[in-house]
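Novice: Could you look at this predicted model? Sequence included:
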There are 4 protein chains.
Amino acid sequence: MSINEKISVEISSLPELKKPKLICGLPGSGYVGKLAIDYVIDKLQAKQFGDIYSSSFPPQVSIQSDGTVDLVKNSLFYCNTNGQDLVLLTGDAQPVSAQGEYALAEEIIEICKKMNVNEIYTLAAYITGKFSKIPKVFGTGTSPKIVNEFSKFGISKMDKGNITGMNGVIIGIAKRSSISGICLLGETSGYVIDAKASKVILESLSKILNIEFDMSELDKRAKDTEEIIKALRTQAAAQGTQEQPVGVPSSSDEKSLGYIS
Amino acid sequence: MSINEKISVEISSLPELKKPKLICGLPGSGYVGKLAIDYVIDKLQAKQFGDIYSSSFPPQVSIQSDGTVDLVKNSLFYCNTNGQDLVLLTGDAQPVSAQGEYALAEEIIEICKKMNVNEIYTLAAYITGKFSKIPKVFGTGTSPKIVNEFSKFGISKMDKGNITGMNGVIIGIAKRSSISGICLLGETSGYVIDAKASKVILESLSKILNIEFDMSELDKRAKDTEEIIKALRTQAAAQGTQEQPVGVPSSSDEKSLGYIS
Amino acid sequence: MSINEKISVEISSLPELKKPKLICGLPGSGYVGKLAIDYVIDKLQAKQFGDIYSSSFPPQVSIQSDGTVDLVKNSLFYCNTNGQDLVLLTGDAQPVSAQGEYALAEEIIEICKKMNVNEIYTLAAYITGKFSKIPKVFGTGTSPKIVNEFSKFGISKMDKGNITGMNGVIIGIAKRSSISGICLLGETSGYVIDAKASKVILESLSKILNIEFDMSELDKRAKDTEEIIKALRTQAAAQGTQEQPVGVPSSSDEKSLGYIS
Amino acid sequence: MSINEKISVEISSLPELKKPKLICGLPGSGYVGKLAIDYVIDKLQAKQFGDIYSSSFPPQVSIQSDGTVDLVKNSLFYCNTNGQDLVLLTGDAQPVSAQGEYALAEEIIEICKKMNVNEIYTLAAYITGKFSKIPKVFGTGTSPKIVNEFSKFGISKMDKGNITGMNGVIIGIAKRSSISGICLLGETSGYVIDAKASKVILESLSKILNIEFDMSELDKRAKDTEEIIKALRTQAAAQGTQEQPVGVPSSSDEKSLGYIS
């Protein structure tokens, strides 16, 4: 038997949607995108219609809360809100190899073509290595038209750097297939699971898509994140060192690391 | 010549078995599963009927006790005990790549289908980073029905985490092929080859399958493991440090690492 | 879907050229080759006619100065100067795997055959671990005839070592396809982006090809490099250590590291 | 274009040989096997008849003494000595991936079948981490018959451990193709390029094959190796430490590391 890498898409029944937009939130730095997408899936009561398995995912099963296992996978949901059809992509993991990432992104674009998706959003983290009071949202996209509209929504334009992993490759391959791609990046330290960053991304996204959903629970989680950060700071201060403790930099204006994932 | 990865299964003659159950014990942390399966193969005088070679195994030969070599491989045995047909999978190694693990697991499931295997057990280690007097057995499976019966056999249910490697992927792919999969994990420190963990797993397995075999030799080996652990502790104490020596934590109730492999 | 690695070449329209020579400058140590080729593309107003994408490139998009993204890729340009047709290869990255490098090099040689390219130059760095006042240019090639002419152009012949990465593999595969291949290596410390090394390579190249272009801007950048090196030295001296500071060796005649990439 | 790994064998003209034996000496620890095979090729004036290229070799070219480059490759030579036809395999490198090693070994076995090779010798290093006055030769093979004859030639039988890399995989795949395989391992510290180990392997090999060749030059190189070791020891002693200096253990009877490659 040949053992090339394989991707298999299992779709129970393809929903009939009207020019849906795809929003992707896969696990990455600070779980910013994953946390955001899972919140949207929950709040908009999105329905699962498909799973994607790949031999380039980490070779493992996840144990569910009911004690049963499932292979690591990505999952597709859909919903309609304020007249807008949405497809939502979440998952347990990103592929472990370069070609695995390219292949999965191509598979996702194939699904988009079948469903007439003409716009894709990937939700990512903008790692700065410091804690900021009010995290910014950065953005990049596949055309100047997209990028030039960012200022209307309070999104900061980027003009250099790379977006690594699925958040980048999905919109890169979208562009080659003439599908619009936008990557929104929530500013985060990279040290904690950051609900604050997830929240600001979702606020930007809801403005762009002109949709709404209850943010109160995410607000609460964002406050929890703040408490964790405060505790880390206090602990760092208690160590009374003059040097900046590793992992807990001040929120002053030191140069951003600008690491993106 | 193309050099894709390849798996080749060499079966001398497929035994005719009645709804056999597959039990897998491959090398991993603490050699818990491997040690257990090799003990069962020995005690039940199981007969070898097949070998599996893969170009994703470590590229090496093992030197046998008679001085000859053999390529790294996995091997299949069968036996009948108390009216129950068993297929037993042991091996020198697990694949070195993600796609190699998925492909080997798929190959094993193909063999299961040919042999009408409807239940698969993988024997794994539950790494805690500490030495426990009486190791627990943890379990997870492919359906709530399986999981809910664990308590009958003194097996602790899990509700989070991942099972990495072949022990996870085999039951994950089993589930997608509608074959029942159960992973039993013996609690172990992860610091020594742990016959105690192998023993408690086999005790649980024999209760579930309603089979029996002489455990006296494994008892002896489990006692040897205990001696090794005692020696490690004494040595650690002799160093007279206040801090917990690395690699030899106390068996007190510090938080489990809960690492699984 | 199978997810083997893939390369796709997108050529808008193949220019009709007369026995063009290919010059390759991909990112590597000191950005020596990349900086040189981009300078040539700019000065000779070369026109882009193709892009090469590969699933063995790093899985990421690059953010352009206008805020839009593009998949990591290699790009092909052409121009005519002093009666000589040139094809120029630049790019964002080299492949991340061995087979990805071999496959991309083969693809490039295929393009060369279609365009009747009979000579290929790769521009590389010769890492010495020290800063030299006037960097040397080293050379190697696919035939003794090529190598024996180096002295005419002030290029130092090499007689051992390896050239790793695309700069090596491209001319290695060129040789197997009976295309002449020359690798020019600019001496560089390996510690800074080195415009001085790029400049000396381009000087050698213009002598070999009997072409000319305005070097004033590269001169300026080479001077900037010198300033950076001077600053590093001053800083090292201020630390007042007797030992040679790591990363800032003197330009004396200590043995070259001779690392090539 | 698909970019699977590829192996290509370029044979100028297959020599007609009578039941030749294949001897393999690829670069590895201490260069024991490579040094030995290159010495045999030189002394027996073996003729090159083929090259093997693989996309799983390190992606680089080697610079030859005449200043020209060549892709990393393995090469095949043949000769006749004392009525015995020999095929000799040497090379610049071993593959960088597991599947690359398996695929190359399979390709080599295919060549053996075409040439009616019925016996393969791989020359390897037995790493002990210490310097021994008179290095031993260890051996393993594909059948008990082979192994039982080792004592006749002063070769020590092994009964555990693994042989990693091409030296192991070649004889492992030979066994599956019913070709006899023998691995001879010269005892070496692993710290220096060890001509002494190469010499003792060749002495054993010439006894087994009943062939002869002038060993005087290798004797000289073995003495050079001894001088290097002596210098290392003196240097270690001069440092006057009580502890065993790293890298220069005494030749006393401390337990062998038994690392094989």
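Specialist: Alright, I've got the coordinates.
Novice: C-alpha only now, for contacts and for neighbours.
Specialist: OK.
Novice: And residue A:142, how close does it get to chain B?
Specialist: The gap separating residue A:142 from chain B is 32 Å, by C-alpha to the nearest C-alpha, to the nearest Å.
Novice: Mind pulling the model confidence for that residue?
Specialist: Predicted confidence (pLDDT) for residue A:142: 98.
Novice: got it, and the one 10 residues further on?
Specialist: If you check residue A:152, the pLDDT there is 97.
Novice: And for residue A:3?
Specialist: 45.
Novice: cool, residue A:261 as well?
Specialist: 53.
Novice: With residue A:245 instead?
Specialist: pLDDT, residue A:245: 30.
Novice: In the sheet, which residues pair with residue A:50? Tell me.
Specialist: Residue A:50 has these beta-bridge partners by DSSP bridges: residue A:11, residue A:76.
Novice: Relative to chain D, how far out is it?
Specialist: Residue A:50 is 28 Å from chain D, by C-alpha to the nearest C-alpha.
Novice: How many residues are close by that residue?
Specialist: The criterion is other C-alpha atoms under 10 Å in any protein chain shown. On that basis, residue A:50 has 17 neighbouring residues.
Novice: now swap in residue A:10 and tell me
Specialist: The burial count assigned to residue A:10 is 13, neighbours taken as other C-alpha under 10 Å.
Novice: surely it meets residue A:54?
Specialist: No. Residue A:10 is beyond contact range of residue A:54, at 11.2 Å (criterion: C-alpha atoms under 8 Å).
Novice: Show me what from the stretch 151-261 of chain A comes close to chain C.
Specialist: Taking C-alpha under 8 Å from any C-alpha of the partner chain as the contact definition, the stretch 151-261 of chain A meets chain C at A:157-166, A:168-169, A:172-173, A:175.
Novice: Buried ones only from these, please, as a PyMOL command.
Specialist: A single PyMOL command selects the buried members of these (16 or more other C-alpha atoms under 10 Å in any protein chain shown):
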select buried, chain A and resi 157+158+159+160+161+162+163+164+165+166+168+169+172+173+175
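Novice: between the residues of the stretch 151-261 of chain A next to chain C, which is nearest chain D?
Specialist: Nearest to chain D among those, counting by C-alpha to the nearest C-alpha, is residue A:173 at 17.1 Å.
Novice: Residue D:46 versus that closest one, what's the distance?
Specialist: According to C-alpha to C-alpha, to the nearest Å, residue A:173 stands 53 Å off from residue D:46.
Novice: need the contact list for the residue nearest to residue A:182 when sequence neighbours are not counted.
Specialist: Leaving aside its sequence neighbours, residue A:182 sits nearest to residue A:141 (C-alpha to C-alpha, 6 or more residues apart in numbering or on different chains; 4.3 Å). Shown in contact with residue A:141 (C-alpha atoms under 8 Å, 6 or more residues apart in numbering or on different chains): A:147, A:171, A:180, A:181, A:182, A:183, C:67, C:68, C:69.
Novice: For the fourth one, list the residues it contacts.
Specialist: Applying C-alpha under 8 Å, 6+ apart to residue A:181 gives the contacts A:119, A:120, A:121, A:122, A:141, A:142, A:170, A:171, A:172, A:174, A:175.
Novice: Following the helix or strand hosting residue A:87 in sequence, what is the next regular element?
Specialist: Assigned by DSSP states H and E, residue A:87 belongs to strand A:84-91. Downstream of strand A:84-91, the next assigned helix or strand under DSSP H and E is helix A:98-114.
Novice: which parts of that following helix are buried?
Specialist: Neighbour counts over helix A:98-114 (16+ other C-alpha under 10 Å) mark A:98-109, A:112 as buried.
Novice: Stretch A:39-51 now?
Specialist: Buried, per 16+ other C-alpha under 10 Å, within stretch A:39-51: A:39, A:40, A:41, A:44, A:46, A:48, A:49, A:50, A:51.
Novice: Out of those, flag the one nearest to chain D.
Specialist: Of those, the one sitting nearest to chain D (C-alpha to the nearest C-alpha) turns out to be residue A:51, at 26.6 Å.
Novice: What pLDDT is listed against that closest one?
Specialist: Looking at residue A:51, the pLDDT reads 97.
Novice: Kindly report the same for residue A:242.
Specialist: Reported pLDDT for residue A:242: 39.
Novice: about what we covered before: intersect the residues of the stretch 151-261 of chain A next to chain C with the contacts of chain B.
Specialist: Of those, not one also sits near chain B (C-alpha under 8 Å from any C-alpha).
Novice: residue contacts, the residue sitting nearest the centre point of chain A?
Specialist: Computing the C-alpha centroid of chain A and ranking residues by C-alpha atoms, centre = their mean puts residue A:33 first, at 2.4 Å. If you count contacts by C-alpha under 8 Å, 6+ apart, residue A:33 has them with A:24, A:25, A:26, A:27, A:122, A:123, A:124, A:125, A:198.
Novice: before we move on, what about residue A:109?
Specialist: Neighbouring residues of residue A:109 by C-alpha under 8 Å, 6+ apart: A:170, A:173, A:174, A:177.
Novice: Repeat that for residue A:159.
Specialist: C:63, C:64, C:65, C:66, C:67, C:68.
Novice: Give me the pLDDT value at it.
Specialist: Per-residue confidence (pLDDT) for residue A:159: 94.
Novice: so is it in a helix, a strand, or just coil?
Specialist: Under DSSP: H, G, I helix; E, B strand; the rest coil, residue A:159 falls in the coil class.
Novice: Number of residues surrounding the nearest residue to residue A:161 once chain neighbours are set aside?
Specialist: Ranked by C-alpha to C-alpha, 6+ apart and with sequence neighbours excluded, the top spatial neighbour of residue A:161 is residue C:63, at 5.5 Å. By other C-alpha under 10 Å, 22 other residues sit near residue C:63.
Novice: Point out the residues in the stretch 51-200 of chain A that sit beside chain B.
Specialist: A:55-71, A:96.
Novice: Buried subset of those as a PyMOL selection?
Specialist: Buried residues within those, by 16+ other C-alpha under 10 Å, are selected in PyMOL with:
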select buried, chain A and resi 55+56+57+58+59+60+61+62+63+67+68+69+70+71+96
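Novice: So which of the residues of the stretch 51-200 of chain A next to chain B sit within strands?
Specialist: Judged by DSSP state E, the subset of these located in strands is A:60, A:61, A:62, A:63, A:69, A:70, A:71.
Novice: Now the first one: closest residue in space, sequence neighbours ignored.
Specialist: Distance criterion C-alpha to C-alpha, 6+ apart; nearest residue to residue A:60, sequence neighbours excluded, is residue B:164 at 4.1 Å.
Novice: Surely the one you found and residue A:57 touch.
Specialist: No. Applying C-alpha under 8 Å as the test, residue B:164 and residue A:57 come out as separate, 11.3 Å apart.
Novice: And residue A:220, how far from residue B:102?
Specialist: According to C-alpha to C-alpha, residue A:220 stands 40 Å off from residue B:102.
Novice: circling back: and which of the contacts of residue A:33 is nearest residue D:229?
Specialist: Closest approach to residue D:229 among these (C-alpha to C-alpha): residue A:27, at 53.4 Å.
Novice: since we're on that closest one, how many residues are nearby?
Specialist: Neighbours of residue A:27 using other C-alpha under 10 Å come to 21.
Novice: Please name the residues that touch it.
Specialist: A:33, A:34, A:91, A:92, A:93, A:94.
Novice: Fine, thanks again, bye for now.
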